[in-house]
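**Q** With the input below, show me the fold.
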Amino acid sequence: MRIAVYCDLSVVVTLPFSFNLNLVDKFIQSKLAWIEKSLAYFQTFKSRPIVKFGKREYKVYRDEAKQLALAKVQQWNKFYGFNYNRVNIKNHKSRWGSCSRKGNLNFNYKILHLPGELQDYLVVHELCHLAEFNHSKNFWQLVGKAIPNYQTLRKQLFHV
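**A** As a prediction, the model looks like this:
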């Protein structure tokens, strides 16, 4: 027997053909906390637009993503006061952002489709690489000054 929660907020229980149906309620009750947690997780992303990602979508959203990234970098850099060179928008398959040794901040155009708090985390993360070009304890302390719940947001970003 297995249970699954999907992004459309449906809950599906799959049973073997000859399974005793009287045990289903007990199984669901034992998994209720997990079900509620999963539903809450998907509920937070329910209002996000569904976007097909590809070269065409990159061209459509690139300029808007750049405006957003620039605004967020300027906003958060008031807090940090780092020197950076350029802000670029990329069409990476598996990266949300990067920071070059030259001080260029690069963001995936899909930043546009993230919830605001994940956008903020992503920008702060890359900004902090201007001071700490690694993921050391000092780096995470720097991120934590502006985003105290960065650990939770980091996990969410990897599940998007």
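**Q** chain center to stretch 66-85: distance?
**A** In terms of C-alpha atoms, centre = their mean, to the nearest Å, the centre of stretch 66-85 is found 19 Å from the chain centre.
**Q** Identify each buried residue in that stretch, please.
**A** By neighbour count with 16 or more other C-beta atoms under 10 Å, stretch 66-85 contains the buried residues 66, 68, 69, 70, 72, 73, 76, 77, 80, 82, 84. The C-beta positions use only the backbone N, C-alpha and C, and glycine is treated the same way.
**Q** Run through who's touching it.
**A** 87-89, 100, 102-105, 107, 111-112, 119-120, 123-124, 127-128, 130-131, 142, 145-146 (C-beta atoms under 8 Å, 6 or more residues apart in numbering).
**Q** ok so, going back, include secondary structure, distance to residue 31 and pLDDT when you put the buried residues of stretch 66-85 into TSV, please.
**A** Compiled in TSV, the buried residues of stretch 66-85 are given as follows (DSSP: H, G, I helix; E, B strand; the rest coil; distance: C-beta to C-beta, whole Å; pLDDT from 0 to 100):
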residue	secondary structure	distance to residue 31	pLDDT
66	helix	44	97
68	helix	39	97
69	helix	40	98
70	helix	45	98
72	helix	38	98
73	helix	43	98
76	helix	40	98
77	helix	45	98
80	helix	43	97
82	coil	46	97
84	coil	47	97
